[in-house]
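Participant: Here is the input, now give the coordinates:
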Amino acid sequence: MVHESDLRESKKGRGEAVVVYRDPCLTRLSRKSGSPGGYKNFAKVRMPPPSRSFPRKSGKMLWRTVIPKRSKRDYFMKFHPIIDAHTHIGDILIEGGGELICKKGVSKPMIFDPITLWGWVGYRNFGLGNLLYRLSLSQAITAEQVRSRTGTLENLRISMDRLGITHSACMPIHPYVVFDDLAEAASQDSGVIPFTTVDVAAGGDFTAQLKADKAKGAKGLKLHAIIQKVALDDPRTHKAVEAAGAAGLAVLFHCGISNYFKGVEKDKNIPEYGAVDYAVRLVREHPDVRFVVGHAGMYEVEEVMGKLASYGNVLVDTSIQSAANIRKLIQAFGPDRVLYASDWPFGDTWAALACARAACKGDEPLLRNILYENAARVYGIMK
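Facilitator: Presented below is the predicted three-dimensional model:
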């Protein structure tokens, strides 16, 4: 995938642009600072060979191709359109969090952020399970809350453009961010794929609401048992899933024990509701509903593979998973049931994308499945 930050225009004034990008076999590109077109320390990007290429110059480690200047964006987007299957806009941790979406100029303050460190090491846990998460739990919760406050549409679009993401599936969580918030964002940016949410705690029949939301563009239902404080095997959740099935919507649910609040606010979530057994008891009752297991269970990924891979209607997203774990997920679930995702802004898109590419090891058809085709099929997105 060639992304816009990798493109440099020719100054020859002939309406053409020279595209210079990474050799896929390299892990780092470096040229002397100040040299013509000097590029330094690019993130690793794997790309198919261009239609018009020239032999590499010895020592330059660059491929070059010339394309019409006006079609620059189309050129780099067409190789791999990318759907980020799990993101958020709006602050999903505070009342009225949807008001954040339209704000401008919001930036992340300088804090100690262990989530960034985990991205730097490719979300590997070094055989320690969730030990690193537990040791830095307080700092991780602070980082989650700070990151959630950066979830504006403007920031999402900047992140998407930087990495060539064509669509982002955005997840609301009632009562903090609701479908109408995301529908409005989707009307402003066609790259937003809005999901819907319901007041699970209130219970009742959600069929009419979900059918109406689907008619307005909703592509799925998001459930977050930890934040909504209703277990996945609760009868109220089953009613919501039945309604989603009747409306023809996919259901993406958070899976994995995690915390979002601490101190006097810790009762605002129930972390144990992220356990995999709750998910098992949900999906086995609804064989006709398409489920996406958010984060593939996070640190409980091995348990997800062991207990959920046998259900053909269950898919997983790759957010917060290492390349090694993504390879295991592909083996367990098959290449058609794994979706690339970053969990932006809680996760880092660049780290998640690097892990997905590394997991595919140069298999371009597999990479296209993971980055685009699977999500497009499950979410009903037309190319």
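
Participant: Residue ranges in this protein under the pLDDT threshold?
Facilitator: Applying pLDDT under 70 to the chain flags residues 1-79, 382-383.

Participant: Which residue ranges of it form strands?
Facilitator: With strands called from DSSP state E, the chain shows them at 7-9, 16-22, 62-68, 83-87, 167-170, 192-194, 220-223, 250-254, 291-294, 314-317, 338-339.

Participant: For the fourth one, what is the distance to the chain centroid?
Facilitator: Think strand 83-87. 4 Å (C-alpha atoms, centre = their mean, to the nearest Å).

Participant: same for that strand, what does it pack against?
Facilitator: In terms of contacts (3 or more C-beta pairs under 8 Å, 6 or more residues apart in numbering; DSSP states H and E), strand 83-87 is packed against strand 167-170, strand 291-294, strand 338-339, helix 374-379. Just so you know, the C-beta spots here come from the backbone N, C-alpha and C atoms, and that holds for glycine as well.

Participant: And for the closest residue to Phe206 other than its chain neighbours, the neighbour number?
Facilitator: Spatial nearest neighbour of Phe206, excluding adjacent residues (C-beta to C-beta, 6 or more residues apart in numbering): Ala243 at 4.0 Å. Neighbour count for Ala243, taken as other C-beta atoms under 10 Å: 20.

Participant: Pull the residues that contact stretch 343-355.
Facilitator: By C-beta atoms under 8 Å, 6 or more residues apart in numbering, the residues outside stretch 343-355 that reach it are 43-44, 82, 84, 86-88, 115-116, 118-120, 122-123, 144, 147-148, 150-151, 155-156, 159-160, 162-163, 165, 168, 294-295, 318-323, 326, 340-342.

Participant: In PyMOL, how would I select just the buried ones from those residues?
Facilitator: Per 16 or more other C-beta atoms under 10 Å, the buried members of the contacts of stretch 343-355 correspond to this PyMOL selection:
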select buried, resi 43+82+84+86+87+88+115+118+119+122+123+144+147+148+150+151+155+156+159+160+163+165+168+294+295+318+319+320+321+322+323+326+340+341+342
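
Participant: so of the helices and strands packed on strand 83-87, which one's packed in deepest?
Facilitator: Highest mean neighbour count among those (mean count of other C-beta atoms under 10 Å): strand 338-339, with a mean of 30.

Participant: partner strands of that strand, parallel or antiparallel?
Facilitator: Applying DSSP bridges, strand 338-339 is found paired with strand 314-317 (parallel).

Participant: can you list the residues that contact the partner strand?
Facilitator: Against strand 314-317 from outside (C-beta under 8 Å, 6+ apart): 85-86, 252, 283, 290-297, 304, 308, 329, 333, 337-341, 374, 378.

Participant: chain center to it: distance?
Facilitator: Distance, centroid of strand 314-317 to centroid of chain: 12 Å (C-alpha atoms, centre = their mean).
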